[in-house]
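A.B. asks: Would you be able to build a 3D model of this:
(one chain, ligands or ions: 2)
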Amino acid sequence: MTQRTLILVKPDGVKRGLAGEVLRRIEAKGYTLAGVELKQATEALLEKHYEEHVGKPFYQPLVEFMLSGPVLAIVAEGERVIEGFRSLAGTTDPTTAAPGTIRGDLGRDFGLKVQQNIVHGSDSVESAEREIALWFPHLAS
Ligand code: DAT
Ligand code: MG
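C.D. replies: Numbering: from 1, shown residues only. Ligands and ions are numbered 1, 2, ... in the order given. You can find the predicted model right below:
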């Protein structure tokens, strides 16, 4: 089942120069790039992107962090890429994400906040469609 997913290298990843490393891991796994663009998010875009988290205690710090610099937005394509990229990324908290994953290998462990976990990846077919339409309207299906 060929799918597309929306990946973001978050502002911490871009600032630390890890955008290329994330792209390298995506390509090394065999996924293809359908879109790549450096973008500055807006509050309105993030409110839609993180709609399931609006109102949670970590929502405002998350949005402020996501506005703190540009993100590299990526559409990757491949067989079961939605769960495949989630697996490459590792679990949400970089402190405990497994070694070998992006968050596990690259998450810094000093004074790190959970939202500074380098990458975002869509978590379902529905989220992927919704998020691709938000970040890459011209690629929406
Ligand atoms: P994921 O990015 O692994 O899909 P999520 O969708 O549950 O995780 O949350 C979105 C982002 O919000 C996540 O990447 C980091 C931040 N976040 C989640 N839970 C948090 C918490 N308990 N405290 C602080 N930030 C949190
Ligand atoms: Mg999520």
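A.B. asks: quick one: secondary structure of the residue most central in space within the chain?
C.D. replies: The structure's the chain has its C-alpha centroid closest to residue 120; by CA atoms, centre = their mean the separation is 1.8 Å. Following DSSP: H, G, I helix; E, B strand; the rest coil, residue 120 is assigned to strand.
A.B. asks: residue contacts, it?
C.D. replies: Neighbouring residues of residue 120 by CB atoms under 8 Å, 6 or more residues apart in numbering: 6-8, 10. (Glycine included, C-beta is placed from N, CA and C.)
A.B. asks: For those, pick the one with the most neighbours.
C.D. replies: Within the contacts of residue 120, residue 7 tops the neighbour count with 30 neighbours, counted by other CB atoms under 10 Å.
A.B. asks: Just to be sure, that one is in a strand?
C.D. replies: Yes: counting by three-state DSSP, residue 7 falls inside a strand.
A.B. asks: so what's it up against?
C.D. replies: Counting by CB under 8 Å, 6+ apart, residue 7 makes contact with 22, 26, 73-76, 85, 119-122.
A.B. asks: likewise residue 12?
C.D. replies: Applying CB under 8 Å, 6+ apart, the residues near residue 12 are 65, 116-118.
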